[in-house]
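Engineer: here is a sequence together with a model predicted from it:
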Amino acid sequence: MTAPASRIYCSVDTTEIDAARRIAGQVAGTVGGIKLGLEFFIAQGPAGIRAVVGEDGPPLFLDLKLHDIPNTVAGGVRAALPLKPAFMTIHSAGGPAMMRAAADAAASAGADRPKILAVTVLTSLDEGDLGAVGQSVPVAEQVVRLAKLAKASGVDGVVCSPAEVALVRAACGPDFILMVPGIRPAWAATNDQKRIMTPAEALAAGADHLVIGRPITADPDPAAAARRIVAEIHDHFGETA
Ligand SMILES: O=c1ccn([C@@H]2O[C@H](COP(=O)(O)O)[C@@H](O)[C@H]2O)c(=O)[nH]1
């Protein structure tokens with residue numbers, strides 16, 4: 001297994017550049033990259049992103065979850081290319097043409113292209129929530145369906161909860177990237193997440209990358225929380241981690 005630290009993206013959800021820079025600095029060397037999403041991007045835009053991750057900074061996961069008609073999503077992906085994100089997100093519910101347009105737009109960056117990940121079913125949702133929006137199927141079934149569609153549409157991987165990792169891996173193969181939020185160490189609050197596992201459980205299930213936010217960022221000592229998570233993964237996997 002690759003070293004666990006490099007497989008963790010710390011989700012920094014704040015509107016403030018100083019706070020984001022502080023947390024990124026505290027977890028540097030312990031996690032593999034920084035995830036910045038809607039809250040930060042809406043408040044601070046591309047300049048704010050550059051201020052946190054910079055040219056020589058940690059790998060960037062730009063989690064904007066684009067969901068619009070194909071032409072608009074492709075334009076959004078192209079507009080983000082100068083930020084050189086390692087990963088970007090779109091919503092798989094946007095459909096195959098939208099996902100294909102996003103993948104093609106990313107490919108225009110050549111070797112430096114971001115990997116496009118399609119969000120399947122948000123980790124904050126359970127079966128009852130899906131039913132409320134008219135999708136009366138088991139969550140896992142819907143996630144696998146969307147993951148297969150995403151793969152067929154040319155994207156690099158999906159965002160799914162740890163509960164579906166093994167199923168998606170079996171359906172989509174070893175090279176399809178599984179980026180997994182809904183990660184909660186046993187000592188952390190669940191917050192609004194509904195489909196969760198511990199970091200070690202999610203990696204054991206086959207996740208490629210873990211997205212971990214509040215268990216680190218809401219801790220009074222984010223650096224110590226990040227180190228504790230990595231140590232727990234090492235303890236679980238022993239020398240191979
Ligand atoms: O299904 C999804 C897709 C994205 N996210 C994002 O991951 C982080 C998780 O943060 P925590 O504080 O660890 O809950 C957050 O930025 C979400 O926007 C997700 O949770 N679930």
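Structural biologist: Arrived safely.
Engineer: tell me the spacing between Val230 and His67.
Structural biologist: Computed as Cβ to Cβ, to the nearest Å, the Val230 to His67 distance reads 33 Å. No exception for glycine: its C-beta is placed from N, CA and C like everyone else's.
Engineer: where does this structure come near the ligand, residue by residue?
Structural biologist: Residues of the chain lying near the ligand by Cβ under 6 Å from any ligand atom: 11, 13, 37, 63, 119, 122-123, 159, 181-182, 191, 193, 211-214.
Engineer: report the buried members of these.
Structural biologist: Neighbour-count burial (16 or more other Cβ atoms under 10 Å) applied to these gives 11, 13, 37, 63, 119, 122-123, 159, 181-182, 193, 211-214.
Engineer: next one: phi and psi at the residue in the chain positioned nearest to the ligand?
Structural biologist: Nearest to the ligand, among the residues of the chain, is Gly213, at 2.6 Å (Cβ to the nearest ligand atom). Per-residue torsions, Gly213: phi -110, psi -90 (degrees, to the nearest 10).
Engineer: returning to that earlier point: in strands only, show me the buried ones among the residues of the chain next to the ligand.
Structural biologist: Of those, the ones assigned to strands by DSSP state E are Ser11, Gly37, Asp63, Val119, Val159, Val211, Ile212.
Engineer: max pairwise distance over these: which two?
Structural biologist: Taking Cβ to Cβ as the measure, these span a maximum distance of 16.9 Å, between Val119 and Ile212.
Engineer: so Ile229 makes contact with Pro199?
Structural biologist: Yes. The pair Ile229 / Pro199 is scored as a contact, 5.4 Å apart, by Cβ atoms under 8 Å.
Engineer: where do the contact lists of the two overlap?
Structural biologist: Ile8, Pro185, Ile212 (Cβ atoms under 8 Å, 6 or more residues apart in numbering).
Engineer: and the first one, how many neighbours does it have?
Structural biologist: This points to Ile8. Neighbourhood size, Ile8 [other Cβ atoms under 10 Å]: 26.
Engineer: again with the second one
Structural biologist: Other residues within reach of Pro185 by the criterion other Cβ under 10 Å amount to 18.
Engineer: what's near enough to touch it?
Structural biologist: Contacts for Pro185 were tallied using Cβ under 8 Å, 6+ apart; they are Thr198, Pro199, Pro215, Arg228, Ile229, Glu232.
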